[in-house]
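Novice: 3D model of this:
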Amino acid sequence: MLSAVKRMTELELSGKRVVIREDLNAPIRDGEITSDKRLRAALRTIQFAVERDARVILLSHLGRPAEGASDGAFSLEPVADRLSQLLTSPVMFVKDWLGGIEVEPGSVTLCENVRFETGEKANDEVLARRMAALCEIFVMDAFATAHRSQASTCGIARYAPVACAGPLLIRELDALSKVLENPARPLVAVIGGAKVSSKLSVLSALAGKVDQLIVGGGIANTLLAATGIDVGRSLIEPGRLDYCKSLLAGKFGAASIPLPTDVVVANGLERDTHGTIKLTRDLTNDDMIFDIGPETAAGYCDYIDRAGTILWNGPMGVFEHPEFVHGTRRMAEAIAAGKAFSVAGGGDTLAAVEQFGVGEAISYISTGGGAFLDFIEGKELPAVAVLKERA
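Specialist: Numbering: from 1, shown residues only. Okay, here's the model as predicted:
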């Protein structure tokens, strides 16, 4: 896959108008950026282009504004200010950019939110051609949006004079390919989250690829229920019980799927709630599961310790609550302490990585959510497909 696309790092950029699609979708509160992780992830690409005297034009989305109208709550202007600080040089911010922009060699301009433009989400050809007219080279570097066929991710790549992949996109694809195509064994997937339905295809795909499929959260609850265990008032999906039975029976692959043997239960998620550890066989119809128990966490950590490669997506419980943080914390610390090549991805997963301070010890932290899951499932990402066609 990686050999089939052009790379920005191999092209002559000096003096060229280089449009780079980044994911600068940072959380903003009261006009201030509360986390600049995505901005920092994009820095290497931007700096590479600047150092080679490219005329750098950045495109990104922010949030989910109504298309076709500007909304100050979703403006990228605070992002331009923060990028200026990170780059230690001014980043010009332009609201009206589709008609053309003057950019000096070695300087950077950030365009206003692409989602303000009518036709962005629908990958409108006219809009895509106007975007492509801004550049001599288009660089797709936003892995997190690579699963979306939109004007600023796919359309512009189709019509730009040259279309290539940026360093961040290459690093993402390289790390995930290493996990899925030629992993050191055992390959262990840690999959959590609220609903089986949101990860049906991922669970099915992984069952045929990994050695152990470790589950937590509402996904584990539904799998437990499929074995006949009464999980009380816990979050489950009754409509997915038959699927879970098939998954556990090996219909989709031979991965072993250890299930929780103990859990942490409570009556609700109020701040003063106290959790109680129970064996799963002792659950009653009034219990609500909010975390895996210590026995289960220890067993899961044994798999992690022996793993050669680890893929992590999703928490083991409601880790935001102090009573239900322990299962996810144990897993995070075990993954960080292990010798395996590890990749973590997904919004809740990244929040847990940050909360527990294990980011430096994870081999690769993916910036993608939906793109991360689509890649794991085996889908070709539309933006990557266009880059391969253009190459």
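
Novice: ranges for the helices of the stretch 51-200 of the chain?
Specialist: Under the criterion DSSP state H, counting those that start in this stretch, the stretch 51-200 of the chain contains helices at 77-87, 125-132, 156-159, 167-181, 200-207.

Novice: pretty sure residue 84 contacts residue 93?
Specialist: No - if you go by CB atoms under 8 Å, residue 84 and residue 93 don't touch, sitting 9.1 Å apart. The way it works is simple: take the backbone N, C-alpha and C, and place the C-beta from them, glycine included.

Novice: Between those two, point out the one with more neighbours.
Specialist: More neighbours surround residue 93 than the other of residue 84 and residue 93, with 20 against 16 (other CB atoms under 10 Å).

Novice: List the residues that contact that one.
Specialist: 76-77, 80-81, 109-110, 112 (CB atoms under 8 Å, 6 or more residues apart in numbering).

Novice: try residue 7
Specialist: The contact partners of residue 7, taken as CB under 8 Å, 6+ apart, are 164-165, 167, 170.

Novice: one more time with 7 Å
Specialist: Contact analysis of residue 7 by CB atoms under 7 Å, 6 or more residues apart in numbering lists 164-165, 170.

Novice: Who is it paired with across the strands?
Specialist: With DSSP bridges applied, residue 7 shows beta-bridge pairing to residue 165.

Novice: Could I get the pLDDT score of it?
Specialist: Model confidence at residue 7, expressed as pLDDT, equals 97.

Novice: where's it relative to residue 22, distance?
Specialist: Residue 7 sits at a distance of 16 Å from residue 22 (criterion: CB to CB, to the nearest Å).

Novice: Over to residue 356?
Specialist: When CB to CB is applied, the distance between residue 356 and residue 22 equals 27 Å.

Novice: Ok, residue 299 next?
Specialist: From residue 299 across to residue 22, the span is 41 Å (CB to CB).

Novice: Looking at these two now, which is surrounded by more residues?
Specialist: Ranked by neighbour count (other CB under 10 Å), residue 299 and residue 22 place residue 22 first, with 29 against 17.

Novice: Report the contact partners of residue 120.
Specialist: Each residue near residue 120 by CB under 7 Å, 6+ apart is listed here: 67, 114, 127, 150-152.

Novice: buried residues in stretch 294-305?
Specialist: For stretch 294-305, the neighbour count (16 or more other CB atoms under 10 Å) marks 296-297, 299-301, 303-304 as buried.

Novice: Also stretch 364-379?
Specialist: The neighbour-count check on stretch 364-379 (16+ other CB under 10 Å) flags 364-369, 371-376 as buried.

Novice: So which residues make contact with it?
Specialist: Contacts with stretch 364-379, where a contact means CB under 7 Å, 6+ apart, come from 23, 38, 41, 143-147, 172, 175-176, 180, 199, 201-202, 205-206, 311, 313, 343-347, 350, 353, 359, 381.

Novice: Filter those residues down to the buried ones, PyMOL style.
Specialist: With 16+ other CB under 10 Å as the burial test, the buried ones among those are selected in PyMOL as follows:
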select buried, resi 23+38+41+143+144+145+146+147+172+175+176+180+199+202+205+206+311+313+343+344+345+346+350+353+381
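
Novice: Where strands are concerned, which of the contacts of stretch 364-379 count?
Specialist: Among the contacts of stretch 364-379, the subset assigned to strands under DSSP state E consists of 311, 313, 343-344.

Novice: Now go through the buried residues of stretch 294-305 and say which are in helices.
Specialist: Here DSSP state H is the test, and the buried residues of stretch 294-305 give 296-297, 299-301, 303-304 as lying in helices.

Novice: can you redo the ones in strands among the contacts of stretch 364-379 as TSV with distance to residue 219 and pLDDT?
Specialist: Formatted as TSV, these follow (distance: CB to CB, whole Å; pLDDT from 0 to 100):
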residue	distance to residue 219	pLDDT
311	15	96
313	11	94
343	19	95
344	17	94
